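Novice: Just need the structure, nothing else, for what follows:
(one chain, ligands or ions: 2)
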Amino acid sequence: MCIFCDIIDGKIPSTKVYENDKVLCIRDINPVAPTHVLVLPKKHFDDIIDCSKSEDGAVYLDAVSKAVAEVAKIDGLDKGFRVINNCGEDGGQTVMHLHFHVIGGLKLTEKII
Ligand code: AMP
Ligand code: ZN
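Specialist: Ligands and ions are numbered 1, 2, ... in the order given. Below is the predicted model of the structure:
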């Protein structure tokens with residue numbers, strides 16, 4: 001069982017921002033900024049490593065990049081934003097379905113890099 005697969009399948013409700021045949025973009029249930037959107041590939045990959053091993057991984061990553069641009073446009077993030085992918089235990093990943101956080105709508109100050 002994967003909570004993001006259930007959201008993609010419509011079994012668990014979510015607030016949709018953007019969707020196409022490859023990705024679903026939803027508002028994070030616990031937002032850390034005015035815009036906090038999760039970009040979910042509609043195909044289950046555990047993480048970016050799993051995706052990299054898949055024959056169609058690049059197709060989904062291409063769709064992710066385009067969806068990020070759509071989300072930025074929809075939420076008016078014309079001054080910039082941050083895209084985060086947490087991978088694995090040390091990366092702090094808590095949901096084991098590849099996803100990208102799009103965070104913006106404020107001046108982001110806390111930087112590691
Ligand atoms: P990560 O820690 O990178 O794996 O991110 C998982 C994210 O999923 C967290 O920011 C959670 O707040 C978010 N999340 C968990 N369950 C839901 C849900 N049902 N709807 C929307 N976001 C969720
Ligand atoms: Zn999944």
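Novice: List the contacts of the closest residue to residue 54 other than its chain neighbours.
Specialist: Nearest residue to residue 54, sequence neighbours excluded (CB to CB, 6 or more residues apart in numbering): residue 45, at 6.4 Å. Placement of C-beta: from N, CA and C, glycine included. Applying CB atoms under 8 Å, 6 or more residues apart in numbering, we find residue 45 in contact with 51, 54, 57, 60, 97-98.
Novice: Surely residue 96 and residue 49 touch.
Specialist: No. Counting by CB atoms under 8 Å, residue 96 sits too far from residue 49 to count as a contact (11.4 Å).
Novice: Comparing those two, which residue is more hemmed in?
Specialist: The neighbour comparison of residue 96 against residue 49 (other CB atoms under 10 Å) goes to residue 96, with 15 against 12.
Novice: Check the closest residue in space to that one that isn't next to it in sequence and give its pLDDT.
Specialist: Computed as CB to CB, 6+ apart, the closest residue to residue 96 that is not its neighbour in sequence is residue 46, at 5.1 Å. Confidence at residue 46, expressed as pLDDT, is 98.
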